[in-house]
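*Asks:* Using only what follows, build the 3D model:
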Amino acid sequence: MAIQWFPGHMHLTKQVITERIKAIDVVIELLDARLPGSSANPMLAQLTASRPTLKVLNKQDMADPLRTAPWLTHYNSQPGTRAIALDSSDTAAAQRLIASCRALAPLRGGMVKPMRVLICGIPNVGKSTLINSLVRKRAAKAADEAGVTKAEQRISLADDFYLYDTPGMLWPRIIVAKSGYNLAASGAVGRNAFDDEEVALELLDYLKGPYADRLQARYKLSEVTGLSDDELLTEIGRKRGALQSGGRVNTQKAAELVINDFRTGQLGPITLETPEEFDLWLAAGQKLDAERQVKKDAIELNRLIKFKKIPRPPRAPNTDTRQDPSQDQSQDTSSDALTPDETQP
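*Replies:* Below you'll find the predicted structure:
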């Protein structure tokens, strides 16, 4: 099942960013360090392409440090882009953000040319928590739930440094299926947009590869890699007491436990994708999307022809110059045609 979530306020956020970017010097895009590729919004990249960008891999304390380093290298290699990793609750580390913005726009600063920065990202990536740590007060609402901030805010971090906060925004259509599951597992997608069991099974399917030891330790399991995803979820439910009448495992409850343990860091520092893995997922998603578009275009063309919105393509003219056999026969049997014998006296 493809996971999609684009409520009305996200459409309004797109319009706000389109207008605001005209007067912005630097764009900060917050990414989830546990899923740096999946949490990078391609629509934001299009909207802000004309401005230098700081990619902030937030929640680095919950991510695998051995995988965070390659992601920083990946983003720092892109033109007009810098990347840093931080924990948004760490005030000292958050100050690096201001210094990085000034490095990206060295000609801005002072009361005559104040720095104007737009901060954006997907829902529940930690923007509000980061802003509160920057200003050292509760300037923005923060919650472990997607879609809390729903209006733009302007925050003054210094006399010459203005930060414009926007609501979290996904993109209208997620073409990378694995990204949809990773976003749902992280809490970036609204609860009504996905099935807990399906997301938990996808999460376990990935974790039992590089992080099998974390699953064994957390749920006191003797075997992980030899179990199917369904068997693994059932065993976790049994170990954690997610039982219903008759001693059967409540797989819905077990799924909720697994997702919550990932979101709260109970499984330890985990990153759900590497740059190489994400590139493969993206290429597969783009290929599938292109094939889907071809089919969609063909269906639309047939619909337009059917309802005569466009003329049916004309048939090719008959270019066969050979004489019709039926015409030859009629000429042979005509009363006006005489055989050689009939012409003799």
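*Asks:* What residues of stretch 216-233 count as buried?
*Replies:* Neighbour-count burial for stretch 216-233, counted by 16 or more other Cβ atoms under 10 Å, picks out 218, 219, 221, 224, 227, 232, 233. C-beta here means a position set from N, CA and C on the backbone, and glycine is covered the same way.
*Asks:* Just the buried residues of the longest helix along the chain, please?
*Replies:* In terms of residue count, the longest helix belonging to the chain (DSSP state H) is helix 275-306. Within helix 275-306, the residues that qualify as buried are 278, 281, 282, 285, counting by 16+ other Cβ under 10 Å.
*Asks:* want to try CSV for the buried residues of stretch 216-233, with pLDDT, secondary structure and distance to residue 13 as columns?
*Replies:* CSV is the format used below for the buried residues of stretch 216-233 (pLDDT from 0 to 100; DSSP: H, G, I helix; E, B strand; the rest coil; distance: Cβ to Cβ, whole Å):
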residue, pLDDT, secondary structure, distance to residue 13
218, 97, helix, 36
219, 97, helix, 39
221, 95, coil, 42
224, 93, coil, 41
227, 95, coil, 42
232, 97, helix, 38
233, 97, helix, 35
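*Asks:* Tell me which two of the residues you listed sit farthest apart.
*Replies:* The span of the buried residues of stretch 216-233, defined through Cβ to Cβ, is set by 218 and 227 at 14.8 Å.
*Asks:* Pretty sure residue 179 is one of the things residue 32 touches, is it not?
*Replies:* No - between residue 32 and residue 179 there is no contact under Cβ atoms under 8 Å: 11.2 Å.
*Asks:* what do the two both touch?
*Replies:* Contact criterion Cβ atoms under 8 Å, 6 or more residues apart in numbering; residues bridging residue 32 and residue 179 by contacting each: residue 38.
*Asks:* more neighbours, the two?
*Replies:* For residue 32 versus residue 179, the count of surrounding residues by other Cβ atoms under 10 Å is larger for residue 32: 28 against 23.
*Asks:* Can you pull the phi/psi pair for that one?
*Replies:* The phi/psi pair for residue 32 (degrees, to the nearest 10) reads phi -90, psi 120.
*Asks:* Specify the local secondary structure of residue 163.
*Replies:* Assigned with DSSP: H, G, I helix; E, B strand; the rest coil, residue 163 falls in the strand class.
*Asks:* Return the distance of it relative to residue 28.
*Replies:* In this view, residue 163 and residue 28 are 8 Å apart by Cβ to Cβ, to the nearest Å.
*Asks:* can you map out the helices along the stretch 201-345 of the chain?
*Replies:* 212-219, 229-239, 251-263, 275-306, 325-332 (DSSP state H, counting those that start in this stretch).
*Asks:* among those helices, which is nearest residue 154?
*Replies:* helix 251-263 (30.1 Å).
*Asks:* other SSEs contacting the longest helix of the chain?
*Replies:* On a contact count with 3 or more Cβ pairs under 8 Å, 6 or more residues apart in numbering; DSSP states H and E, helix 275-306 meets helix 65-76, helix 177-186.
*Asks:* Give me the distance from the first one to the chain's centre.
*Replies:* Spelled out, it's helix 65-76. Distance of helix 65-76 from its chain centroid, counting by Cα atoms, centre = their mean, to the nearest Å, is 19 Å.
*Asks:* by how many degrees do that helix and helix 275-306 diverge?
*Replies:* 60 degrees (axes from the mean of the first three to the mean of the last three Cα atoms, to 10 degrees).
*Asks:* before we move on, the earlier item: and the least confident of the buried residues of helix 275-306?
*Replies:* Lowest pLDDT among the buried residues of helix 275-306: residue 285, with 91.
*Asks:* Can you tell me how far that one is from residue 99?
*Replies:* Distance from residue 285 to residue 99, by Cβ to Cβ: 36 Å.
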